[in-house]
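Asks: Need the 3D shape of this:
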Amino acid sequence: MTVSKQQMASAIRALAMDAVEAANSGHPGMPMGMADVATVLYKDYLKFDPAAPKWADRDRFVLSAGHGSMLAYATLHLAGYAEPTMDDIRNFRQLTSPCAGHPENFELAGIEATTGPLGQGLAMAVGMAIAERHLNAVFGDALVDHHTWVIAGDGCLMEGINHEAIGLAGTLRLGKLIVLWDDNNITIDGAVALSSCEDIPARYRATGWHVTSCNGHDFADIARALDAAIADDRPSLIACKTIIGKGAPNKQGTSATHGAALGGDEVAAARRELDWPHAPFDIPEDIVQAWRATGARGAAAHEKWKNHFNTDGNSEEFTRRMNGMLPAETGMQTYLDQLVIDAPKIATRKASEMALNVLTASIPEMIGGSADLTGSNNTKTLSTKILDKKDYSGRYLNYGIREFGMGAAMNGMALHGGVIPYGGTFLVFADYARAAIRLAAIQRIRCIYVMTHDSIGLGEDGPTHQPIEHLQSLRAMPNLLVFRPADAVETAECWDIALRHNSGPSLLALSRQNLPAVRRDVSENFSAKGGYRLKIAEERRKIVLVATGSEVALALDIAAMLEAAGQGTDVVSMPCTALFDAQPSAYQADILPQDMLIISIEAGTTFGWERYTGRGGLRFGIDRFGASAPIDDLYNHFGLTSEKIFPQIIARLG
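Replies: The predicted model follows:
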């Protein structure tokens with residue numbers, strides 16, 4: 001007997017309610033409400049091959065409403081992916097299971113993005129759609145031509161990042177992006193009307209989207225809406241009118257199904273309502289086989305793709321980019337050798353631009369951009385023409401004033417593969433992008449943030465624009481490399497490290513003001529050690545000055561004064577504390593001997609530097625907000641001058 005779509009959808013509902021019940025934790029309502037839509041999508045539209053979950057030209061599916069993770073786990077298992085297994089699903093939300101409370105891209109091959117913070121999944125999907133269009137423009141339809149699908153809930157569409165993301169997608173006319181809105185009118189607190197009177201379809205239309213709707217429990221109507229979205233050359237929003245928790249007769253349509261197990265009695269009632277007499281986690285074989293057949297279309301498409309790939313002249317370059325491998329030659333060593341000769345006194349934001357001109361010329365997968373600060377961030381190069389709806393082959397995005405949206409789009413591009421995204425704004429505005437930066441770190445993806453105007457050194461714009469706590473708060477984030485280079489050489493080295501670091505994001509904090517050249521030796525990348533001895537004590541060593549960025553030159557000036565006073569002083573440049581902390585303990589002890597007076601100098605909070613100076617050391621920085629004044633006046637006002645620091649060190653020495 002032919003298995004119906006209704007039976008296939010019931011399998012999703014059963015697994016969702018059984019897994020949440022077993023864990024006594026989770027969100028059964030969304031998977032049960034969107035089961036019909038997911039069934040149509042998988043059965044007739046989604047291009048995927050369970051045997052090759054990382055096939056480059058697969059459709060990308062992002063569950064932006066990540067709390068409904070059992071929808072993803074159920075469909076992956078039913079469709080025939082090797083993981084999750086049924087045992088994994090039985091252990092939903094347990095430490096040993098890859099079926100985490102919210103989907104995690106590094107746990108399961110079929111999960112395209114880690115989601116859960118609402119709105120970010122949809123915003124990352126925008127980045128995936130950008131990467132798809134760019135690679136299509138470069139390599140052609142035969143190698144790259146796929147859709148990006150999103151299931152998003154009311155919360156995803158309420159979050160502020162949704163405004164940023166859909167504006168960008170509409171401006172770029174990303175017609176391969178289709179969002180399926182679980183329009184169930186319910187949030188955790190109750191009806192959506194408690195907190196919103198927004199006309200969401202009108203908002204999407206206003207940003208250049210195609211908008212349609214469907215009955216999310218009518219299979220034919222769902223298919224009609226999907227066909228309409230595919231046929232339109234704009235990004236599409238499909239409002240799928242659904243009943244949250246559909247199938248749970250006493251709780252469906254209410255917030256009671258949103259974020260808690262249904263309870264034994266309601267699960268039993270739901271089994272009767274769904275005509276599902278099977279035991280928990282038991283899926284009849286005919287339904288399993290019907291689900292397994294959904295991958296047949298994708299497997300055939302994959303085989304056709306492979307046949308072309310094997311004869312395509314660009315296949316080797318395409319593979320290199322998709323595998324995230326850099327070209328054999330990036331031009332960096334030649335550039336570094338010239339920097340030693342030139343010894344430029346320039347802002348590190350300018351040094352970054354100079355390095356980028358070399359790198360973007362030799363690494364064609366680099367796609368840059370800025371949140372409306374291109375001229376300040378110095379992120380555009382001669383090799384990066386504009387990427388827009390007229391030319392997706394471009395390599396530079398005008399993100400507009402959308403720091404959060406930019407960060408999330410960069411995440412999506414990195415997750416898609418084939419491109420290396422970098423984007424710029426002021427360091428103080430890292431606060432706007434922080435949630436996206438954190439998600440990049442969690443997902444272990446290569447995104448590079450160019451954060452300029454890194455201290456009071458930006459001058460007259462004042463405390464609203466002067467970072468104080470930002471460096472240390474960002475350094476506290478696991479798996480994020482924060483770089484603060486001291487000159488053009490260190491800036492180039494930090495770029496090289498960031499590009500080669502493919503298991504997490506990197507952030508370059510760069511100066512507005514000009515800085516003198518302090519490095520003359522480019523025989524190796526000393527910045528890769530995180531911290532290194534830039535100057536060796538001439539007299540018997542008593543002091544170690546540790547500085548970053550613009551304060552390294554200041555430390556060298558102070559060291560010269562100390563040496564003249566007979567106090568032997570090392571200067572350590574520490575462009576990346578995380579990399580220094582990763583060095584062997586013997587190296588760390590050699591660079592920062594604990595029997596020395598260790599002194600930190602950084603134009604930011606002193607918080608955290610005691611881990612290097614010890615309680616007996618000195619820490620020079622700024623533990624209050626900044627002020628509006630010319631740069632020299634500010635450094636003098638906050639005591640960050642050689643004339644003010646030197647006597648304090650002498651006094652400490654006694």
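Asks: Look up how far Ala206 lies from the closest residue in space to Gly175 that isn't next to it in sequence.
Replies: Leaving aside its sequence neighbours, Gly175 sits nearest to Asp233 (CB to CB, 6 or more residues apart in numbering; 4.1 Å). All C-beta atoms are positioned from the backbone trio N, CA, C, and that covers glycine. In this view, Asp233 and Ala206 are 18 Å apart by CB to CB, to the nearest Å.
Asks: Kindly report the same for Lys241.
Replies: To Ala206, Lys241 is 21 Å away according to CB to CB.
Asks: and those two? which has more neighbours close in?
Replies: Using other CB atoms under 10 Å, the more surrounded residue of Lys241 and Ala206 is Lys241, with 16 against 12.
Asks: residue contacts, the more buried one?
Replies: The contact partners of Lys241, taken as CB atoms under 8 Å, 6 or more residues apart in numbering, are 183-184, 213-216.
Asks: do the same with Leu118
Replies: Contacts for Leu118 (CB under 8 Å, 6+ apart) come out as 64-66, 153, 155-156, 158-159.
Asks: what about it, which helix or strand?
Replies: Assigned by DSSP states H and E, Leu118 belongs to no helix or strand.
Asks: With Ala165 as the reference, measure out to it.
Replies: Looking at Leu118 against Ala165, where the rule is CB to CB, the gap reads 12 Å.
Asks: so which helix or strand takes in the residue sitting nearest the centre point of the chain?
Replies: Taking CA atoms, centre = their mean, the centroid of the chain lies closest to Ala440, which sits 2.9 Å from it. When elements are assigned from DSSP H and E, Ala440 belongs to helix 430-443.
Asks: cool, and Gly504?
Replies: Counting by DSSP H and E, no helix or strand carries Gly504.
Asks: quick one: the helices in the stretch 101-250 of the chain?
Replies: If you assign secondary structure with DSSP state H, counting those that start in this stretch, the helices in the stretch 101-250 of the chain sit at 120-139, 154-158, 160-172, 200-206, 219-231.
Asks: Could you count how many residues lie near the closest residue to Met34 other than its chain neighbours?
Replies: Leaving out its chain neighbours, the residue that sits closest to Met34 by CB to CB, 6+ apart is Asp182, at 5.1 Å. By other CB under 10 Å, 29 other residues sit near Asp182.
Asks: separation between Asp182 and Gly368?
Replies: Between Asp182 and Gly368 the computed distance is 35 Å (CB to CB).
Asks: about what we covered before: could I have the buried ones of the contacts of Lys241 as PyMOL selection syntax?
Replies: Buried residues within the contacts of Lys241, as defined by 16 or more other CB atoms under 10 Å, are selected in PyMOL through the command that follows:
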select buried, resi 183+184+213+214+216
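Asks: Please report the distance of the residue nearest to Lys389 when sequence neighbours are not counted from Arg133.
Replies: Here the nearest residue to Lys389 in space, its sequence neighbours aside, is Arg173; by CB to CB, 6+ apart that works out to 4.1 Å. Going from Arg173 to Arg133 by CB to CB gives 9 Å.
Asks: more crowded one of those two?
Replies: Using other CB under 10 Å as the criterion, Arg173 and Arg133 rank with Arg133 on top: 23 against 17.
Asks: Isn't the more buried one up against Leu174?
Replies: Yes - applying CB atoms under 8 Å as the test, Arg133 and Leu174 come out as touching, 6.4 Å apart.
Asks: Report the two of the contacts of Leu118 separated the most.
Replies: Gly66 and Met158 (15.0 Å; CB to CB).
Asks: which of these two has more neighbours?
Replies: The neighbour comparison of Gly66 against Met158 (other CB under 10 Å) goes to Gly66, with 28 against 17.
Asks: Just to check, the more buried one is in contact with Pro103?
Replies: Yes - between Gly66 and Pro103 a contact is recorded at 5.4 Å, counting by CB under 8 Å.
Asks: got any residues that touch both of these two?
Replies: Counting by CB under 8 Å, 6+ apart, the contacts common to Gly66 and Pro103 are 114-116.
Asks: Who wins on neighbours among those?
Replies: Top of these by neighbour number is Thr115, holding 32 neighbours under the definition other CB under 10 Å.
Asks: For that residue, which non-adjacent residue is spatially closest?
Replies: Nearest non-adjacent residue to Thr115, counting by CB to CB, 6+ apart: Gly66, 3.2 Å away.
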